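J.: when you get a sec, could you give me coordinates for this:
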Amino acid sequence: MIVLSIIHGEEVRAGTFGEVAAARGHSLEEWSLAWGTPPSKPFDAYGAVLVFGGAMHADQDDRHPWLRDEHALLKGLLQAGTPLLGVCLGAQLLARAAGAQVHPAAEPEIGWFAVELAPGAAADPVLGRLPGRFDAFQWHYYTYELPAGAVELARSELCTQAFRLGRAAWGIQFHAEVTAAQVSRWIDGSPEELAPLGIEPEALRAEVGQRIAAWNELGRELCAGFLDVAAEA
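T.: Modelled structure (predicted):
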């Protein structure tokens, strides 16, 4: 199976999800609408599409005009039933493509926050692989409303954290794909973000170092569940 990875920046990539795809014998193609060139194949040639995060927000079409094209693309993929998994910004873009509102969260979530699965999530083939409650790595300022017909699968104290739309589309607000190296680069590039929130960069980096191995195992489980669904489809 060929998996398309839609990225929105050099530092927000497939991470551990790419490792899972390779281990299962799938090939992963990385692509961004911001590059201004099409992917190497027609979209119906991809067995699954991963949509990752980015520094921009889902409603910033005025600053990033290519977001309008991505909005249309995701609407088309949803209508076609293409297996989709959106992460952070990707989840917000999926929700928006399905007609839901995206907007600033009441406050940012940057670092580790408790997430709890919804009662019906245990039967879900993707989120059901995770424990009922876990600490998730987050880095976001925006959230989304649940699209019509979507099933909420997880929440934090602040906002919704995961949903399923139809049989083949999932959105997760937390960064299940992220590696320690990725987070370290985010920290290095974001001192002006962290200081107003009272987050000490080296303390966050140290906590990531302590937690990331266990977190990556959960991320691999989640991605494996999604790729299994996509391969069956």
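
J.: tell me the first helix or strand C-terminal of the lowest-mean-pLDDT helix or strand in the chain.
T.: For the chain, the helix or strand with the lowest mean confidence is helix 191-194, at a mean of 89 (criterion: mean pLDDT, DSSP states H and E). Under the assignment DSSP states H and E, the closest C-terminal helix or strand after helix 191-194 is helix 201-232.

J.: buried residues in that next one?
T.: Counting neighbours by 16 or more other CB atoms under 10 Å, one finds that the buried residues in helix 201-232 are 201, 204, 208, 212, 215-216, 218-227, 229-230. Placement of C-beta: from N, CA and C, glycine included.

J.: again, but for stretch 183-190
T.: Val183, Trp186, Ile187, Ser190.

J.: what is the mean pLDDT for that stretch?
T.: Mean per-residue pLDDT for stretch 183-190: 94.

J.: may I have that stretch as CSV, with CA atoms only?
T.: C-alpha atoms of stretch 183-190 as CSV (Å, rounded to 0.1, in the frame of the first residue of the first chain):
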residue,chain,number,x,y,z
VAL,A,183,10.1,18.0,20.0
SER,A,184,13.6,19.2,20.7
ARG,A,185,13.6,21.2,17.5
TRP,A,186,10.2,22.6,18.3
ILE,A,187,11.5,23.7,21.7
ASP,A,188,14.6,25.3,20.1
GLY,A,189,12.4,27.2,17.6
SER,A,190,9.8,28.4,20.0
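
J.: centre of the chain to it, how far?
T.: 18 Å (CA atoms, centre = their mean, to the nearest Å).

J.: now swap in stretch 187-198 and tell me
T.: 21 Å.

J.: cool, and stretch 118-127?
T.: With CA atoms, centre = their mean, you get 17 Å for stretch 118-127.

J.: next one: stretch 198-218
T.: Using CA atoms, centre = their mean, the offset of stretch 198-218 from its chain centre is 18 Å.

J.: next one: stretch 32-40
T.: 19 Å.

J.: name the nearest residue to the spatially most central residue of the chain, ignoring sequence neighbours.
T.: Geometric centre of the chain, nearest residue: Val87, 0.5 Å, by CA atoms, centre = their mean. Nearest non-adjacent residue to Val87, counting by CB to CB, 6 or more residues apart in numbering: Phe52, 5.2 Å away.

J.: from Pro201, how far off is Trp139?
T.: From Trp139 over to Pro201 the distance is 13 Å, taken as CB to CB, to the nearest Å.

J.: tell me who's in contact with the residue nearest to the centre of the chain.
T.: Leu50, Val51, Phe52, Gly53, Gly171, Ile172, Phe174, His175, Ala176, Glu177 (CB atoms under 8 Å, 6 or more residues apart in numbering).
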